[in-house]
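>>> no FASTA, just this:
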């Protein structure tokens with residue numbers, strides 16, 4: 001049931017967005033938050049891989065030991081997703097995201113001086129909280145509840161910019177490591193988070209932009225946010241009794257496991273099959289641009305393609321992409337075809353994951369519901385690479401891993417198709 005405004009609140013100010021698009025004020029919010037997303041993803045997540053080798057050489061730690069910290073961070077991020085979402089639905093978006101950026105920057109500062117494996121694992125547990133508080137999910141929640149019916153435009157624009165995080169920060173971070181050293185590079189990345197990201201969240205989310213309201217309500221300047229008729233916890237209890245909710249959970253749990261396993265094993269898989277490094281680098285370079293292409297296609301189609309329909313397409317593409325690697329010889333044509341399908345599907349999937357809750361489930365308590373769905377998916381994201389490695393060791397090759405990923409992608413696609421057609425409201 002859609003929420004109504006508090007009768008004690010001031011009369012709503014007419015929306016500043018036109019029927020053709022977002023207002024200037026809304027675009028400022030979208031673009032500044034997107035800038036923070038680009039920095040947060042680039043410095044807190046993607047840059048990690050560039051520090052592995054320097055840390056091996058400087059500290060003598062094994063590669064598995066160093067990467068174990070990343071798994072802990074992802075695990076804590078998943079466990080923290082639901083409480084973060086509930087805090088945002090209670091009107092604390094500004095506090096959550098500002099503190100998240102401060103935590104992320106603080107972890108990078110401590111990382112730069114750490115000499116202990118135990119300390120390294122401890123700070124990455126804290127980093128998990130920072131990831132849950134700063135990356136796409138909380139930002140999606142802010143845009144979803146502040147942009148009303150135009151939330152999909154804002155979210156799509158944000159992911160277009162955020163999708164360039166690896167393109168921008170991998171070469172930038174590598175340059176800082178080469179010019180300075182890995183510890184000093186971490187200090188530079190910390191400054192990005194402590195100054196730029198924390199500043200954006202502190203300023204942009206001030207006032208009404210840090211509050212939340214039902215998706216049906218347009219942005220209303222300084223008006224007080226409406227309060228949902230039922231709380232996030234009660235609404236979540238309703239949804240957990242619906243098969244559609246669990247179908248979506250299964251779809252995104254399987255998708256996250258597939259995505260993480262493929263992301264961290266794609267290079268060793270191709271090396272194992274004798275693919276040259278030039279082809280591998282070329283194929284990997286295709287994935288990022290194809291993510292952007294997929295999102296641009298989604299923007300161009302606009303309301304003509306619902307998130308449910310887009311999801312059915314990309315989940316099916318996922319199955320086809322990994323099936324190519326499993327069933328066909330690993331030729332350059334096959335590898336580049338996989339990279340194109342994989343990149344396009346993943347680019348669109350980010351937007352589908354952000355917009356499917358209000359389209360298929362409910363428009364209320366967005367952050368709480370999205371956090372509940374994202375939490376188990378993040379856990380499988382942390383487990384996916386490890387389970388794939390164990391299967392590789394047990395089977396002696398990647399054929400069994402790819403077959404398992406074909407099955408995982410197929411289950412994800414089937415579950416999403418079973419979720420059904422859009423039904424935007426949940427009766428109270």
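Arrived safely. Remember, predicted model here, so these are calculated numbers, not experimental data.
>>> pull the helix or strand with minimum mean pLDDT from this protein.
Taking mean pLDDT, DSSP states H and E as the measure, helix 232-239 is the helix or strand of the chain with the lowest mean score, a mean of 71.
>>> and the helix or strand following that one, what does it pack onto?
The helix or strand immediately downstream of helix 232-239 is helix 243-272, counting by DSSP states H and E. Applying 3 or more CB pairs under 8 Å, 6 or more residues apart in numbering; DSSP states H and E, one finds that helix 243-272 makes contact with helix 277-301, helix 307-327, helix 332-356, helix 366-395, helix 399-418. C-betas here are computed from N, CA, C, even on glycine.
>>> now do the contacts for the nearest residue to residue 279 once chain neighbours are set aside.
Nearest non-adjacent residue to residue 279, counting by CB to CB, 6 or more residues apart in numbering: residue 332, 5.1 Å away. Counting by CB atoms under 8 Å, 6 or more residues apart in numbering, residue 332 makes contact with 275, 279, 283.
>>> correct me, but residue 164 touches residue 295?
No. Residue 164 is beyond contact range of residue 295, at 11.0 Å (criterion: CB atoms under 8 Å).
>>> check the gap between residue 183 and residue 86 for me.
Distance, residue 183 to residue 86, using CB to CB, to the nearest Å: 37 Å.
>>> circling back: quick check: pLDDT value at the residue nearest to residue 279.
Looking at residue 332, its pLDDT reads 86.
>>> distance of the spatially most central residue of the chain from residue 274?
By CA atoms, centre = their mean, the chain has its centre lying nearest to residue 136, at 4.7 Å. Separation of residue 136 from residue 274 (CB to CB): 37 Å.
>>> got it, and residue 349?
30 Å.
>>> thought residue 282 was touching residue 333?
No. Residue 282 is beyond contact range of residue 333, at 11.9 Å (criterion: CB under 8 Å).
>>> who has more neighbours out of those two?
residue 282 (14 against 11; other CB atoms under 10 Å).
>>> any idea how far that one lies from residue 398?
From residue 282 to residue 398 the distance is 20 Å (CB to CB).
>>> repeat that for residue 305.
Applying CB to CB to residue 305 and residue 398 gives a distance of 35 Å.
>>> what helix or strand is residue 183 located in?
Counting by DSSP H and E, residue 183 is found in helix 182-191.
>>> what does the helix or strand just after that helix rub up against?
For helix 182-191, the succeeding helix or strand toward the C-terminus, using DSSP H and E, is helix 198-204. With contact meaning CB under 8 Å, 6+ apart, helix 198-204 is reached by 28-29, 32-33, 35-36, 94, 97-98, 100-102, 105, 134.
>>> now do helix 198-204: distance to the chain's middle.
20 Å (CA atoms, centre = their mean, to the nearest Å).
>>> in it, which residues are buried?
By neighbour count on 16 or more other CB atoms under 10 Å, the buried set for helix 198-204 is 198, 200-202, 204.
>>> could you redo those residues as CSV and give each row distance to residue 141 and pLDDT?
CSV is the format used below for the buried residues of helix 198-204 (distance: CB to CB, whole Å; pLDDT from 0 to 100):
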residue, distance to residue 141, pLDDT
198, 18, 96
200, 16, 95
201, 13, 96
202, 17, 95
204, 14, 91
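>>> got TSV for those, with distance to residue 265 too?
TSV is the format used below for the buried residues of helix 198-204 (distance: CB to CB, whole Å):
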residue	distance to residue 265
198	35
200	35
201	34
202	39
204	38
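>>> just the helices in the stretch 1-150 of the chain please.
Ranges of helices in the stretch 1-150 of the chain, per DSSP state H, counting those that start in this stretch, are 24-40, 52-59, 63-89, 93-111, 117-134, 136-146.
>>> how about low-confidence regions in the stretch 251-400 of the chain?
264 (pLDDT under 70).
>>> with adjacent residues omitted, what lies nearest to residue 371?
residue 85 (2.5 Å).
>>> what about the nearest residue to residue 194 once chain neighbours are set aside, distance to residue 370?
Excluding its sequence neighbours, the residue lying closest to residue 194 (CB to CB, 6+ apart) is residue 105, at 3.6 Å. Applying CB to CB, the value for residue 105 to residue 370 is 25 Å.
>>> out of those two, which sits in the more crowded spot?
Higher neighbour count among residue 105 and residue 370: residue 370, with 27 against 23, using other CB under 10 Å.
>>> list the contacts for the more buried one?
85, 137, 140-141, 354, 357.
>>> picking that back up, in TSV, list the helices and strands packed on helix 243-272 along with distance to residue 56.
TSV is the format used below for those (distance: least, CB to CB, whole Å):
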stretch	distance to residue 56
helix 277-301	20
helix 307-327	29
helix 332-356	28
helix 366-395	18
helix 399-418	25
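>>> about what we covered before: just say which of the helices of the stretch 1-150 of the chain is most tucked in.
Mean neighbours per residue, mean count of other CB atoms under 10 Å, is largest over the helices of the stretch 1-150 of the chain for helix 136-146, with a mean of 26.
>>> next, the angle helix 93-111 makes with it.
Per axes from the mean of the first three to the mean of the last three CA atoms, to 10 degrees, the angle that helix 136-146 makes with helix 93-111 is 160 degrees.
>>> chain center to helix 136-146, what's the gap?
With CA atoms, centre = their mean, you get 12 Å for helix 136-146.
>>> what is it packed up against?
Helix 136-146 packs on helix 24-40, helix 63-89, helix 93-111, helix 151-162, helix 332-356, helix 366-395, going by 3+ CB pairs under 8 Å, 6+ apart.
>>> residue 171: which of these is closest?
For the helices and strands packed on helix 136-146, the distance to residue 171 is smallest for helix 24-40, at 13.7 Å, taking CB to CB.
>>> check the offset of the closest one from the chain's centre.
What separates the centre of helix 24-40 from the centre of its chain is 16 Å, taken as CA atoms, centre = their mean.
>>> hang on, the earlier thing: surely the residue nearest to residue 194 is in contact with residue 188?
No. Between residue 105 and residue 188 there is no contact under CB under 8 Å: 10.9 Å.
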